[in-house]
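>>> okay, structure incoming, though there's no sequence with it:
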């Protein structure tokens, strides 16, 4: 029952109402709602929380961090090739906090934990869960398309594509390690790689 409630709260009340409600409010409100949902999911899935927050590393950990950073760097560099405009400035302290602190925690907590564990309660296979969570992860980025114009809309389409691919990789990490902490770290390093050009040369 609680799995259904969490799914409804996030997919319908958050994503479904995004253009009608959350885009009309300061972004802090949507983050606060998402933070509440993540904390609630930790409470609902107590056993899974204890296991998933363990840090589980192996000899491939450093290589994986490097791969996620390089993937982020490539995604950013491709924007120049595609002549896309990026709607954010990574030198803005607020954007940096969101990209490096808020996003890895909230997005992984929502997609690789709340949705992941909810779908698992329905006895879905890991492959099906990876595809579903990746779809909704990409969809959550696509929603910005309707609030932007021109070149920024083209960037959102591009972002939707690479976030789907990113989510597939993060889902594989989640499936192989069963560690949410690992996906948060990988997500952070993707964002660091993505922002590297701006931070170093901007």
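Thanks, I have it. Bear in mind the structure is a predicted one, so any value in this text is a computation, not a measurement. Residues are numbered from 1 along each chain as shown.

>>> please make it C-alpha for all contacts and neighbour counts, starting now.
OK.

>>> I'd like the next helix or strand past the helix ranked longest in the chain.
Assignment by DSSP state H gives helix 151-177 as the longest helix of the chain. Beyond helix 151-177 on the C-terminal side, the first helix or strand identified by DSSP states H and E is helix 180-201.

>>> now do that following helix against helix 151-177, angle only.
Here the directions of helix 180-201 and helix 151-177 differ by 140 degrees (axes from the mean of the first three to the mean of the last three Cα atoms, to 10 degrees).

>>> counting contacts, what elements does helix 180-201 pack onto?
helix 61-81, helix 103-109, helix 151-177 (3 or more Cα pairs under 8 Å, 6 or more residues apart in numbering; DSSP states H and E).

>>> can you give the distance of the longest one from its chain's centre?
Same thing as helix 151-177. On the basis of Cα atoms, centre = their mean, to the nearest Å, helix 151-177 sits 8 Å off its chain's mean C-alpha point.

>>> and it, which residues are buried?
152-164, 166-175, 177 (16 or more other Cα atoms under 10 Å).

>>> mean confidence score for that helix?
Average pLDDT, helix 151-177: 95.

>>> what's it packed up against?
Using 3+ Cα pairs under 8 Å, 6+ apart: helix 151-177 touches helix 126-142, helix 180-201.

>>> residue ranges in the chain under the pLDDT threshold?
Along the chain, the parts satisfying pLDDT under 70 run over 199-202.

>>> who's in contact with the closest residue to residue 74 other than its chain neighbours?
Excluding the flanking residues, the one nearest residue 74 by Cα to Cα, 6 or more residues apart in numbering is residue 194, at 7.4 Å. Residue 194 makes contact with 69, 71, 72, 73, 74, 75, 76, according to Cα atoms under 8 Å, 6 or more residues apart in numbering.

>>> that older thread, export the helices and strands packed on helix 180-201 to CSV and tack on distance to residue 183?
Putting these into CSV (distance: least, Cα to Cα, whole Å) gives the following:
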stretch, distance to residue 183
helix 61-81, 10
helix 103-109, 7
helix 151-177, 6
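
>>> residue 37: which of those helices is closest?
Checking the helices and strands packed on helix 180-201 against residue 37 by Cα to Cα gives helix 103-109 as the closest, at 8.7 Å.

>>> output the contacting helices and strands for the closest one.
Against helix 103-109 (3+ Cα pairs under 8 Å, 6+ apart) you get helix 27-44, helix 180-201.
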